[in-house]
Structure formats: C-alpha cells, structure tokens
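*Asks:* Could you work out the structure for the sequence below:
(2 chains)
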There are 2 protein chains.
Amino acid sequence: MSKFITIDALCQLVEEKQFAAARAFLLACNPADVAELFSELPDAALVLLFRVLPKEVAAEVFSHLDSDVQQRIVEGITDKELATIVDELFFDDTIDFIEEMPAGIVKRVLAATDSATRSQINQLLQYPEGSAGSLMTLEFMELRRDETVAEAIADIRGSRDKKETIETCFVTSPTKLLEGSVALQDILLADDSTKIIELADPEICKVGTLDDEEQVVEVFKKYDLYTLPVVDREGRLVGVITLDDVVDVMEEQATEDIYKMNAVSPADDSYLKTSALTLAKHRIVWLLVLMISASITGAIIRRFDEVLSSMVLLAAYIPQLMDTGGNAGSQSATMVIRSLALGDIAPKDALVVLRKEFAVSLLTGSVLAVVNFGKLLLFDRVGVLVAVTICASLFCTVIIAKICGGLLPIIAQKLKMDPAIMASPLITTIVDAVSLMIYFVLATTILHIH
Amino acid sequence: MSKFITIDALCQLVEEKQFAAARAFLLACNPADVAELFSELPDAALVLLFRVLPKEVAAEVFSHLDSDVQQRIVEGITDKELATIVDELFFDDTIDFIEEMPAGIVKRVLAATDSATRSQINQLLQYPEGSAGSLMTLEFMELRRDETVAEAIADIRGSRDKKETIETCFVTSPTKLLEGSVALQDILLADDSTKIIELADPEICKVGTLDDEEQVVEVFKKYDLYTLPVVDREGRLVGVITLDDVVDVMEEQATEDIYKMNAVSPADDSYLKTSALTLAKHRIVWLLVLMISASITGAIIRRFDEVLSSMVLLAAYIPQLMDTGGNAGSQSATMVIRSLALGDIAPKDALVVLRKEFAVSLLTGSVLAVVNFGKLLLFDRVGVLVAVTICASLFCTVIIAKICGGLLPIIAQKLKMDPAIMASPLITTIVDAVSLMIYFVLATTILHIH
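*Replies:* Purely as a prediction, here's the structure:
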C-alpha cells in the first residue's frame, strides 16, 4: 500500500517541478528500493526522476532495474547520459543489461563507450550464456608476483577504478598467468618489504571461461568461496566470478528444478511478465505427453471392463489407489531428485536408496493399508474380501511407487538425463498403470470375478 | 572411484607410520577435499591423520566436516588439542559444531575455552535456531566513529584475530551503537587524516538478533549484500552475517519448499543419513491425509454408480481426466508458489493471476480437448457423444484446475499459511473431486443416462 502512496507523491513532486525535494527523498532510500519505486512510474516521471540522481546512485539504481524498465529509461535519455551510466556500472552489470536490449540500443551503448571498454564488452558478449565467462567481472584487483607489500598497498590505494571486491587479490606472472591468490588482510598484516608471491596461496580453485555455470556453482558451494578466478585455455587470468552473481544462478537453478519436477518448461522471465500464450506454450507439451500416456490406464480399464461391470463398486476405489500411489512415488522422487541436485546422493548409492525406499514403503504401506481397511469396513461397509483386495492393492502400489520414485531419477542421472523430469507427473503416470494392473489382477483372483 | 584409491593409500601410509608423507599429501589438497576424504576413513586413521595437520588447516578441515565425523574426531583427541581447534575455528563454525554435539562433548568444549570465549559461546547458543543471532559471526572489523583513516588502517593491520571479512568495516559510537558502514576500499583511498565517520554510509541495512532467517535472506537478496550487521534491541552492534552463511539458508529454504510442495515434511539431515523409520514418519501424515480426502472421489463415484453400470466405458476415462487435471493444476500452483517465494508475485496480484491462468487454461484446455477428441474417435472408436462428454469434461477440468492452482497458494499466503502446502497433491485431490462431478453431470446430461 505505502508503495503506491510514495509513487503518487513522487509524481506530484515531478509535476510541481520540485526536483530538489524528489532527489533528496530518493537519496534517502536504498538504491534497490528506488529501483522498485521506479518500476511503477509512468515513462515521463521515470526519466525525469532518473536524471535528478547523481551518476553513481543512478548507475546503482539502474543495475537493480528489470530490463524492460532499463529499456524505457535508455529510450528517454541522451547518448551522453547513457555513456555516463555505462561508465559507472560494474562491468558484469553492463553485460547483463546489454544482453537483454534490442539491437538498436546495444548499438547506442557501444557507440557511447570508449574503444577499450567496447572491445571488452564485445569480448564478454561472446561467451555463451550459462558459461563461466558470461558470469565474470573484469573489475578485480590484480597484483604482480614480484611486487612488494608496500607497492601492492600503493597500487590498491592508487587504483581509482571501482572493484567489485578487493578482499582477495589475484597474483599473476608477467605473462598474465594466474599464480595464486592473496587475502587483502594478509597483505595488510605483512611487512612492507615482503614479496607478494611469498604471501600468495598457489593452491587456488579456478575455472575456465567456457565451463558451465552449474560447475561454477558446485565449486563455490564445495569450497565456500567468495570469489573464483576465471582463466583462459592458456591459464591466463581473464576475470573473476563473485558470490553474489552465483547466488542468482543458484536461485535460477532451484526454480528450473522445481518447474521441471512439475512438468513446466522453465521460463526466462518472471510470471507476471510472461504472456498467457508463452505460459501456455511452456505447459502444453508436457500436458499432451502426459495425457496421451495416461491413455494406457484407460486401455487397462477397458481390458478389464467385465470385471468392473460385474462389480461397479471397484471403480469407486480407483482414484484413491491412483492418488495415493502417485503421492507416495512423488515423495520418494522429490527427495532423491533434490538430494542428487545437492550432491548428497550419487548414482553409486542406488542400492542404498533401493533398500531405504523399500523399508519406507513397507512401513508407510502397512499403515495406509490398515487405516484404509478399518475405514472400508466401518464407514464404507464393503465386504471383507473387497476390503482385502483394495488394501492389498494399496500396499503393493505404495511399494512399487516408492521404488520407482527412488530409482527412476537415479537411472535418469546415469543415462545423463536430467533427473528432475522423473518427478511426480511421470512417476504418477507409470504408477497409475501398474497399480491398476495389480488391482484388477487381485480383484479377479481374490473375488473370483472373470 | 579415485576417491577410494586415495583413501586406501592414506590408510596404508598411516599403517606404515609415514606421517610426513601423509601430511604433505593432505596439505596439497584443498581443506574441503580433505574433509570429504576424512568422512570415509575408519576411526583410528581419522584421528591420527587429523593430528598431523597444522592447527589452522585442521580447523578449516574440521569446519567442513559433517557433525558425525566431527564427533568421532573430538572423541579421539585430548582436551588440549580440542582447545587449539576451537581457538582456530571461526566463531560461527564453533557454534554450528557445538549445536550438533551431545551434552558431554559440549561440556568438554566449554571447559577447553577461556572464559571470555565461553561466555560468548553461551550467549550465541541462546539465540533460537533460525534467528539472525544464530547466523551471525563475531569476527568482523569494528571501527570507532572518531578515529582517523590512519588510525583505522593501523587498527586493521594490527588486529591479529582472523576476521571473516574486512571488506566492509562497521562504525560504532562509544556506546557501541551502529552508526554506519565503510568499505575498506574507501578507507584505503582516503586521506590519512579523514575521520572514519565522514566516510561512513549511515543508510545501512541491519537486522535484529531475533529476526527470522527468512527475513535475513530477503534483505540479502533485495539489496545484493555481502554482509549484514545485526543489532540488539538498543541498536548496538552485536554481530555480522556474511553471505556464505545466507547461501546455506537459501538452499535449505529451497529444499524445504520443494519437499512441502510434494507432501514430504522437511527433514534436518541428508537423505542417506536419515533412517527409514524417520523418513516414513516424515511422509506418512501427508499420505494419510491425502488418502482419506481422496475418499471423497470414491464417494462421488459410488453416488453415480448407476451411470457407470449403464456405461462401464466411462470408467476407462476417469484416470486420464484426473491425471490431466492434476498436472494442469500443479503446473499453475508450482509457478505461483515459486513466484511468491521469490517475491515476483504478491497477494495483491491475485486478479492478474486469475486472468492469466484463465487465459492459459482456455488455450491449453482447447488444445488438449481437440487432440483427445481426435484420439477418441480415430483410435478408441467411441461414439461422438461419448467423446464430446469426455472432452468437454477435460476442458472444464483444465480450467478449474488452473484457477485453483493459481489462486489457492495466494489465498494460503493471505491467510498467513505456507503457500507451498497448496501444491500438487492437495490441488490434485481437490481437482479430482470437482472433475468427477463435472464428468458425471455432463454424462447424465449429454448421454441421457439416469
């Protein structure tokens, strides 16, 4: 609520041309909050208010904005203003911004920057999306292996560029080969005459420019890193990835996994910004595949229609059987898929998972069967043999569901497929078919229906 | 594979008492990798190899170990060795370690530390799990508001304690009130005589010791922070939370959401370390609840059993109808739940979501109905009216499923419940019941069955 009051007030200030007051108010807010407010402003007020910000604040606000708002601003400002903003932005934010812009704006941005920056931008834009190169920043602190602590401190104090981080500095040879890293704290604590290379830790993690971002996330998590240097094929230091950018990738990966586990193709944009048509496209393929494969269950029921005709009551328990099987299987699949993603389980643990899921299914299956048996006799008042049929089917279904749920994601991983697609919807379809078979076979046997 | 060769080799070295070689090998590995190797060692070799490590490395390896391995080591070393390790550990790692240990070991740890550390540990242990206080570290760089840049640099260079981060220093008044933060880079770039308070940014984000960790994660994400100061009720600086610890919380939250969305109660331990009994306990409640509520569908079928008796064929399409409805609803629920978690959607967007899901359901529903109609006539060779009944039910089911899937999580959020529980299993149960009702009503109307 209060957000909209604020936005109205800002528009009022713009209308009354009280720019000093607007500026003072915006400067009192955190840039991330200013970005949130800006997203809701009409075009005219947006550009005017963006212009009143000092350039450093403007750049920071700009980096927090979604690309559609960035575009609206860029379309309203002059080339010179654009150049100032790009100059103030961190390099990786510039790249993120350019990647989302239409060709016309990219041209303006490139024309507005000096030739050195332009060639760096062009180089970074060449790294494929999702590669380590596309995540890295060029604003890190690099020290020469042979400089002394005194020289290094002078370098750090003298460097007028903003750096994304100076907590860890990277040590390179004269040919730019990465030789190690050194914590700023260690430099500050050492004697002035110590050589930097003596302080450097040569055993550092690094990745190649073309390594996959999933690998980058794994390295960050495993070694608890804040920064990770990126080297080219010759081992030369070309950039540094910082933890804040990795956090975004982690979040995207979790979203992607959750979507895949629920039969939604991952989207690039946020829900509200995606059109209904695109949303429908991301969903229809899986719905079709699953609908068609659910026909198998229909075929099974048709094959046993005499059984059903002679006892229509049996049909009443099909949904319960199928739902419980689906839920039991999806529980197992969910835990195994997530554990695979977090590295808690590897394909070599298949046997352990099998044993565990079998034990769990025996436990949960018996409890469910017993409770259902009581309910069938006491509330539904069906015959004992019918209740036995239903509960025996339920028990078997839970066992098969949990074993499928536990093993299919591991098999997918083994086959180099994404385990997340082996989640609830697919498991449900498989378990449905199997549980119906069991149900009808048990019904014909126990109830002597032919 | 190679991991086990390495472990065999290490055990061999221990047996032959070649400790220097083992030590050299371990020092050539990254501490996180050493921790991974240690987890697989038998008790005797574990303690012996842990002892050959220099204390700083030993502490770092220790902080990477799971609590069961930590316990095995602590049970094998002397009180003096324990004191050295605790002394070297970062404070928050000590707290994480103590929280998982049985009372006997906690006593030993407290006895092994000096009284100042002991009282700090006791204080930190009092913060409830999941609070900002339980996440924070005490090893940060604090500067007095009135000191000069020269004094501050001397302080930083002179501070012999390890700090978790010195990139951002925190400025306090003589009464310890948090007055702002200052980037180390700005200190290094400023003139020696500048007062620290002049460099400090007073507009900094902070949280209270008892604030919830979810709030902490939100602040970190929204403002792209690396560090976040924690203040007590009087506004005094008591600790600092660093991004690496927040990353762990984020991961746990994603896991928790994924589990809840698939009807598994979140577990504390990793899959492989949780017993089958505990796993069964985490799953049975939801299975029971969902099984019992699936009885509603059974009741609906029983109510319409004359319809089914006169046309058993209709039963064959119940699973397909229910599965497709469940999948369609869970797709919507998944996207909305995740968007709520990421802050892309707020309850005020309910109308937008409703409109969007309605449009999506019209699109996907028609495609599914048309494809299914063709399949029913061409492959299943059912009558036209039966096909119309099935496809009309399918269409209505998809619409209702997507609207329920889109709105129920938002309603849950409004009611201050966790939206994640409104995910596939619950939606499926609701949609099942509704879709069956529609199916039978349409069947009686279109096919004139009474």
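
*Asks:* going forward, measure contacts and count neighbours with C-alpha atoms only.
*Replies:* Fine.

*Asks:* Run the contact check for the helix or strand where A:F220 lies versus chain B.
*Replies:* Using DSSP states H and E, A:F220 sits in helix A:213-223. Yes - Helix A:213-223 is in contact with chain B by Cα under 8 Å from any Cα of the partner chain, via A:K222, A:Y223.

*Asks:* Check what contacts that helix and list those residues.
*Replies:* A:130-132, A:135, A:205, A:207, A:225-226, A:228, A:243, A:246, A:249-250, B:32 (Cα atoms under 8 Å, 6 or more residues apart in numbering or on different chains).

*Asks:* Take those and keep only those in strands.
*Replies:* A:V207, A:L228 (DSSP state E).

*Asks:* Can I have the buried ones of the contacts of helix A:213-223 as a ChimeraX selection?
*Replies:* A single ChimeraX command selects the buried members of these (16 or more other Cα atoms under 10 Å in any protein chain shown):
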select /A:131,132,135,205,207,226,228,243,246,249,250 /B:32
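
*Asks:* if I read this right, A:Y259 contacts A:E252, doesn't it?
*Replies:* No - with contact defined as Cα atoms under 8 Å, A:Y259 does not reach A:E252; the gap is 10.4 Å.

*Asks:* Among these two, which residue is more densely surrounded?
*Replies:* It is A:Y259, of A:Y259 and A:E252, that has more neighbours when counted by other Cα atoms under 10 Å in any protein chain shown, with 22 against 15.

*Asks:* State the distance from A:A316 to B:L415.
*Replies:* 34 Å (Cα to Cα, to the nearest Å).

*Asks:* Show me which of those two is the more surrounded one.
*Replies:* Shown here are A:A316 and B:L415; by other Cα under 10 Å, A:A316 has more neighbours (22 against 10).

*Asks:* which ones are touching the one residue in the stretch 351-450 of chain A that gets nearest to chain B?
*Replies:* Of all residues in the stretch 351-450 of chain A, A:V360 sits closest to chain B, at 5.2 Å by Cα to the nearest Cα. Counting by Cα under 8 Å, 6+ apart, A:V360 touches B:A276, B:L277, B:L279, B:A280.

*Asks:* Cross these against helices and list the overlap.
*Replies:* Under the assignment DSSP state H, the contacts of A:V360 contribute B:A276, B:L277, B:L279, B:A280 to helices.

*Asks:* ok, those vs A:A83, which is closest?
*Replies:* Nearest to A:A83, judged by Cα to Cα, of these is B:L279 at 57.8 Å.

*Asks:* which parts of whichever strand or helix holds A:E306 are buried?
*Replies:* Here A:E306, judged by DSSP H and E, is contained in helix A:305-310. For helix A:305-310, the neighbour count (16+ other Cα under 10 Å) marks A:D305, A:V307, A:L308, A:S309 as buried.

*Asks:* Is A:S366 within a helix or a strand, and which one?
*Replies:* Using DSSP H and E, A:S366 sits within helix A:350-375.

*Asks:* Beyond that helix, next helix or strand please.
*Replies:* Counting by DSSP H and E, the element after helix A:350-375 in chain order, helix or strand, is helix A:384-414.

*Asks:* the inter-axis angle of the helix or strand just after that next one versus helix B:424-446?
*Replies:* Remark: after helix A:384-414, the chain's next helix or strand is helix A:424-446, criterion DSSP H and E. Helix A:424-446 runs at 60 degrees relative to helix B:424-446, counting by axes from the mean of the first three to the mean of the last three Cα atoms, to 10 degrees.

*Asks:* and helix A:424-446, how far from the chain's centre?
*Replies:* On the basis of Cα atoms, centre = their mean, to the nearest Å, helix A:424-446 sits 35 Å off its chain's mean C-alpha point.

*Asks:* what about A:I296, how many neighbours?
*Replies:* For A:I296, using other Cα under 10 Å, the count is 18.

*Asks:* any idea how far it is from B:D323?
*Replies:* Counting by Cα to Cα - A:I296 and B:D323 are separated by 12 Å.

*Asks:* again with A:V285
*Replies:* For A:V285, the distance to B:D323 - Cα to Cα - is 15 Å.

*Asks:* So which of the two has more stuff around it?
*Replies:* Neighbours were counted for A:V285 and for B:D323 using other Cα under 10 Å; B:D323 has more, 26 against 16.

*Asks:* Run through the residues that contact the residue of the stretch 151-300 of chain A found nearest chain B.
*Replies:* Nearest to chain B in the stretch 151-300 of chain A, going by Cα to the nearest Cα, is A:G298, at a distance of 4.4 Å. Contacts of A:G298 were listed using Cα under 8 Å, 6+ apart, and they are B:A316, B:Y317, B:I318, B:P319, B:Q320.

*Asks:* Most neighbours among these, which one is it?
*Replies:* B:P319 (26 neighbours).

*Asks:* That residue and A:P319 touch, don't they?
*Replies:* Yes - with contact defined as Cα under 8 Å, B:P319 counts as touching A:P319 (7.2 Å).

*Asks:* Pick out the residue nearest the middle of chain A.
*Replies:* Geometric centre of chain A, nearest residue: A:E252, 1.7 Å, by Cα atoms, centre = their mean.

*Asks:* Am I right that that one sits in a strand?
*Replies:* No - counting by DSSP: H, G, I helix; E, B strand; the rest coil, A:E252 is not part of a strand but helix.

*Asks:* Tell me the spacing between it and A:D269.
*Replies:* A:E252 is 11 Å from A:D269, where distance means Cα to Cα.

*Asks:* what about stretch A:144-157, near chain B?
*Replies:* Yes - between stretch A:144-157 and chain B, judged by Cα under 8 Å from any Cα, the touching residues are A:I156, A:R157.

*Asks:* What are the boundaries of the helices in the stretch 101-250 of chain A?
*Replies:* Taking DSSP state H, counting those that start in this stretch as the criterion, the stretch 101-250 of chain A contains helices spanning A:103-112, A:115-125, A:132-135, A:149-158, A:184-189, A:196-199, A:213-223, A:243-261.

*Asks:* Single out the most deeply packed of these.
*Replies:* Greatest average neighbour count among the helices of the stretch 101-250 of chain A goes to helix A:132-135 (a mean of 26), per mean count of other Cα atoms under 10 Å in any protein chain shown.

*Asks:* Summarise which helices and strands that one is packed against.
*Replies:* Applying 3 or more Cα pairs under 8 Å, 6 or more residues apart in numbering or on different chains; DSSP states H and E, we find helix A:132-135 packed against helix A:115-125, strand A:207-208, helix A:213-223, strand A:237-242.

*Asks:* quick one, domains of chain A?
*Replies:* Annotated domains of chain A cover A:2-126, A:134-242, A:271-446 [automatic domain parsing].

*Asks:* Keep only those of the contacts of A:G298 that are also close to chain A.
*Replies:* B:A316, B:Y317, B:I318, B:P319, B:Q320.

*Asks:* hang on, the earlier thing: wait, which of the helices of the stretch 101-250 of chain A is closest to B:S159?
*Replies:* Across these, closest to B:S159 is helix A:184-189 (Cα to Cα), at 8.2 Å.

*Asks:* for the top strand by length along chain A, packing partners?
*Replies:* The longest strand of chain A (DSSP E) is strand A:165-172. In terms of contacts (3+ Cα pairs under 8 Å, 6+ apart), strand A:165-172 is packed against strand A:140-144, strand A:178-183, helix A:184-189, strand B:165-172.

*Asks:* and the stretch 101-250 of chain A, which residues reach chain B?
*Replies:* By Cα under 8 Å from any Cα, the residues of the stretch 101-250 of chain A that approach chain B are A:156-158, A:165-167, A:185, A:188-189, A:203, A:222-226, A:243-244, A:247.

*Asks:* For chain B, what is the nearest residue in the stretch 1-150 of chain A?
*Replies:* For the stretch 1-150 of chain A, Cα to the nearest Cα, closest residue to chain B: A:A32, 5.7 Å.
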